[in-house]
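>>> Sequence and computational prediction follow.
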Amino acid sequence: MKNTTAKKAMLTGSILTVMGAALLAGTSPISAADVTYSRLMNPEPRNWLMNHGDYNAHRYSSLDRINKANVKNLRFAFSVAIGQKAGNENLLATPLVDDGFMYMTDAWGVVYKIDVRSGTSGPIVWKMDPAQAKIDRNRGAALWNNLVISVTSHDGRVIATDKETGQVVWDKNLHDKTDMSLNAAPLALRDSIIIGASGGDAGVRNWLVALDGKTGNELWRLYSVPAPGEPGHETWKDKNNAWQTGGGAFYVTGSYDPATNTTFWGSGNPSPKYDSSYRPGDNLYTNSALAIDAATGKLRWFHQYTPNDTMDFDESGSHILIDTKVNGEDRKLVTRAGRNGFHYRFDRGSGQFIGATQFAAKVTWTKGIDQKTGKPVDYDPNKDLQTYAEPIAKILNGEKSSFCPGVPGGNNFWSAAYSRQTKLLYIPELQGCTSAVRDQTRHVRGSFDGGAFFYDERVTSSLVVLDPSTGEIKQRKNMPYGNSSGALATAGGLIFTALLDGTIMALDDQTLEELWSINVGTGVNAAPIAYEVDGKQYIAIATGLTRNQVGRLANSPETRGLAKHATMLFVFGL
């Protein structure tokens, strides 16, 4: 808290909220079991205990009470107003559910404990308000033993809250740069909590840290941009000390392999994002898949997707762990549907590149991916500035130029889902090319862009079905609006997803036929989940668009009356 008085006030408010919610619910709050490491490794189907649903980042629910046969009967169950202290709020968080109680965060870093046991309403049990200075993006919390671990964006704090009382147990300030922020949901492991820093586009050199779950004390720190003397620093060949403002943000939660104690995270673009001439060289370890020893923070292997990026092609999005057969051989994979328009497969033990497939409908920035190296075919290791295909060469020549996929991607922070039933990946793909222009006067801390980008056309989307064992595209379903919600696969044979215009839908996981949909009147850029209480299954999703998503919807004029910032949590059931 900012001071002792503020902390006492907050805690008093939390206690009052607990009492009030108990009266509203007509019952007393009950204690739930701790969310132990054993439970995190084997999450119960009825619950949703972590951001991606499990350590593999599958975003899959083995619940099947809502299925192809009855999903047409899915109805609104209840909603909860979240935040709503300002007119431009958003919700990006994935709700967590533990035995009838939901944990949700808003753009102010406020944590809500919501009683969802009745299935007809969601009274708030307590709120932990960290007194965050201003709103930002917040993608959710983590459950660890008896704690809810949350972050506070621009304040740069990590807070552990007792999940029964709403009282703060520890509060760790990680704010080391003016423009750094914390946006990704924490990743809870056996004894530690991994936190990713953001703010790369503002000129922040980003990092991952591991904190002791009991105390919040720092255990290790790994920077995405190496300092002088560290391996990889030689790939920053400029005279501007660009490594100090080099970017490489972590704004989507990583995955984890307990068998090898390895955590996998994607890093963001180098900064300034549209002017690679300011930072010649490959700019390691930005735009990369990073395999990290969770005990020490040491880098085990990496793969850089787009060296010397000048298109803002972050690869911070989810890296999904899949055990499958490749060419008849059992393989343990880490996979990524990239912002740059390609889906990649690696051996997750060695980092060996296995293959890449274009999943984006249109790619013009490169002529393809080298199937031996995993690098773009037009990458030249002897060049300090990568021109790639013609559209990018024009940008480096100072011209405004259009390329596909556009700056938003491909696939970005909105996560794909892997169905353990069909053994297929379901990838939400944003469609729409953008133009960019370099501006070498825009190298200013806080707005370290090095240029600007522009939408060339209406932003739409598709859902792409891909076989991770072969890399083959099986199906594609085009949709009229952008998708930054992500996907949820279920054992009921369904794929749930949502669009920027407020449409939430369920698709057949075999045919992609739309079996159910509803428009809630406000845009969605948060992920759906499934959970169960007393034998009844529910689907939950949050609404309220970020500024970026509002921009992506702006060139669809028929949506002008949409309540873009209505921050609500919607729950549906049979």
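The structure has been received and is ready for your questions. Numbering: from 1, shown residues only.

>>> CA only for contacts and neighbour counts going forward, please
Noted.

>>> Just want the most central residue of this structure.
V252 (3.5 Å; Cα atoms, centre = their mean).

>>> Relative to V225, how far out is that residue?
Distance of V252 to V225, computed by Cα to Cα, to the nearest Å: 18 Å.

>>> In the stretch 401-550 of the chain, where is pLDDT below threshold?
446 (pLDDT under 70).

>>> can you pull out the strands in it?
Assigned by DSSP state E, counting those that start in this stretch, the stretch 401-550 of the chain shows strands spanning 401-403, 417-419, 424-431, 434-438, 451-455, 460-467, 472-479, 487-490, 494-498, 503-508, 514-519, 529-533, 536-542.

>>> roughly how far out does the third one sit from the chain middle?
Same thing as strand 424-431. What separates the centre of strand 424-431 from the centre of its chain is 14 Å, taken as Cα atoms, centre = their mean, to the nearest Å.

>>> for it, packing partners?
The contact analysis (3 or more Cα pairs under 8 Å, 6 or more residues apart in numbering; DSSP states H and E) places strand 424-431 against strand 417-419, strand 460-467, strand 487-490.

>>> what's the angle from it to strand 460-467?
150 degrees (axes from the mean of the first three to the mean of the last three Cα atoms, to 10 degrees).

>>> helices and strands of this protein: which one has the lowest mean pLDDT?
The helix or strand of the chain with the poorest confidence is helix 4-25; it has a mean of 39 (mean pLDDT, DSSP states H and E).

>>> following that helix, which helix or strand comes up?
Following helix 4-25 in sequence order, the next helix or strand is helix 37-41 (DSSP states H and E).

>>> Quick one: name whatever helix or strand follows that following helix.
strand 60-61.

>>> Let me know how buried T373 is, in neighbour terms.
Around T373 there are 14 other residues, counting by other Cα atoms under 10 Å.

>>> whoops, I mixed them up, W108
Neighbour count of W108, defined by other Cα under 10 Å: 27.

>>> R139 is in contact with that one, correct?
No: W108 lies out of contact with R139 (Cα atoms under 8 Å); the separation is 11.3 Å.

>>> want to try CSV for the strands of the stretch 401-550 of the chain, with mean neighbour count and distance to Q371 as columns?
Shown next, in CSV, are the strands of the stretch 401-550 of the chain (neighbours: other Cα atoms under 10 Å; distance: least, Cα to Cα, whole Å):
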stretch, mean neighbour count, distance to Q371
strand 401-403, 22, 22
strand 417-419, 27, 23
strand 424-431, 28, 20
strand 434-438, 24, 27
strand 451-455, 18, 30
strand 460-467, 22, 17
strand 472-479, 16, 14
strand 487-490, 28, 28
strand 494-498, 27, 30
strand 503-508, 20, 32
strand 514-519, 16, 35
strand 529-533, 25, 35
strand 536-542, 22, 38
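
>>> which stretches of this structure form helices?
4-25, 37-41, 390-396, 547-553 (DSSP state H).

>>> Give me the residues contacting the last one.
The set of residues external to helix 547-553 that reach it, using Cα atoms under 8 Å, 6 or more residues apart in numbering, is 88, 455, 458-459, 481-482, 484, 500-501, 525, 559, 564.

>>> And S277, how close does it get to Q304?
Distance, S277 to Q304, using Cα to Cα: 19 Å.

>>> so where's this structure uncertain?
1-31, 446.

>>> again, only using 90
With pLDDT under 90 as the threshold, the chain has low-confidence stretches at 1-32, 84-88, 178, 440-448, 555, 557, 560-561.

>>> Without its sequence neighbours, what residue ends up closest to G432?
With sequence-adjacent residues excluded and distances taken as Cα to Cα, 6 or more residues apart in numbering, G432 is closest to V459, at 4.9 Å.

>>> Surely that neighbour touches G410?
No: with contacts defined as Cα under 8 Å, V459 does not count as touching G410, sitting 11.5 Å away.

>>> Need the overlap of contacts for the two.
430-431.

>>> The two: which is more packed in?
Set V459 next to G410 and count neighbours by other Cα under 10 Å: G410 wins out with 29 against 25.
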